[in-house]
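Asker: I'd like to go over a predicted model; first the sequence, then the structure.
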Amino acid sequence: MQVFRQYTANHYTLNPFPFRRELAMEAYLIENEAILRLDDDDFSEVTVIDAEIALKEGRKGIGKDGRIDLLVAYGSDTLGIVELKLGEIDQAALSQLEDYLQQAPALLKLHPEYWKEEESEKTPRWIGILVGNSASKGVIEKIENGYQVNGYPLALITLNRFKNEHSN
């Protein structure tokens, strides 16, 4: 997969306007789901399905419950688990997403409403998406080199918010 970064500003002085809470970042992505597009082909049609999905014992590596930040659909054949971090995406964030992706098939048993078999393939393809304001060199290298979890590809999106000097 690729690492994505998008920035556009024409004739404006922009100042950093970071998200104060992960929940604010989540709401921003729900309202602007096109930010989660990963390409112009397979991962271009994105829809947020649900947020804040509790996973009993979802953190297998540390024996704790987990919470999927966002569940998204890419077209009619792929589901994506999105893990959000306010700061840098590091190995700990990647490990958290790995735990959730290992629970992906079980998630559909708990919530069959997330996947309508009659409208699509019998089982979905899965992808993991990490979203933060930056990423460690190690995580970037893994994703650029095609690192997968249970055969599921990963993508990384860096998201930084700014406002112009005349905004309130």
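Answerer: Cool, got the structure.
Asker: hey, where'd the strands end up in this structure?
Answerer: Along the chain, the segments classed as strands by DSSP state E run 3-4, 14-16, 46-59, 64-74, 78-84, 88-89, 125-132, 134-135, 148-149, 152-158, 162-164.
Asker: can I get those in JSON lines including distance to residue 35?
Answerer: Where you see a C-beta, it was placed from the backbone N, CA and C, and this is true even at glycine. Output for the strands of the chain, formatted as JSON lines (distance: least, Cβ to Cβ, whole Å):
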{"stretch": "strand 3-4", "distance to residue 35": "9"}
{"stretch": "strand 14-16", "distance to residue 35": "17"}
{"stretch": "strand 46-59", "distance to residue 35": "9"}
{"stretch": "strand 64-74", "distance to residue 35": "11"}
{"stretch": "strand 78-84", "distance to residue 35": "11"}
{"stretch": "strand 88-89", "distance to residue 35": "15"}
{"stretch": "strand 125-132", "distance to residue 35": "8"}
{"stretch": "strand 134-135", "distance to residue 35": "16"}
{"stretch": "strand 148-149", "distance to residue 35": "22"}
{"stretch": "strand 152-158", "distance to residue 35": "7"}
{"stretch": "strand 162-164", "distance to residue 35": "14"}
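Asker: so where is the protein shaky, pLDDT-wise?
Answerer: 1-10, 57-63, 117-121, 166-168 (pLDDT under 70).
Asker: show me what contacts residue 152?
Answerer: By Cβ atoms under 8 Å, 6 or more residues apart in numbering, the contact set of residue 152 is 101, 104, 125, 126, 127, 128.
Asker: can you get me a residue count around the first one?
Answerer: Other residues within reach of residue 101, judged by other Cβ atoms under 10 Å, total 23.
Asker: could you find the closest non-adjacent residue to it?
Answerer: Nearest residue to residue 101, sequence neighbours excluded (Cβ to Cβ, 6 or more residues apart in numbering): residue 149, at 4.4 Å.
Asker: any buried residues in stretch 33-43, and which?
Answerer: Judged by neighbour count using 16 or more other Cβ atoms under 10 Å, the buried positions of stretch 33-43 are 36, 38, 43.
Asker: can you list the residues you listed in TSV and add distance to residue 77?
Answerer: Listed next are the buried residues of stretch 33-43 as TSV, based on distance: Cβ to Cβ, whole Å:
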residue	distance to residue 77
36	16
38	14
43	11
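Asker: no further queries at this time; thank you.
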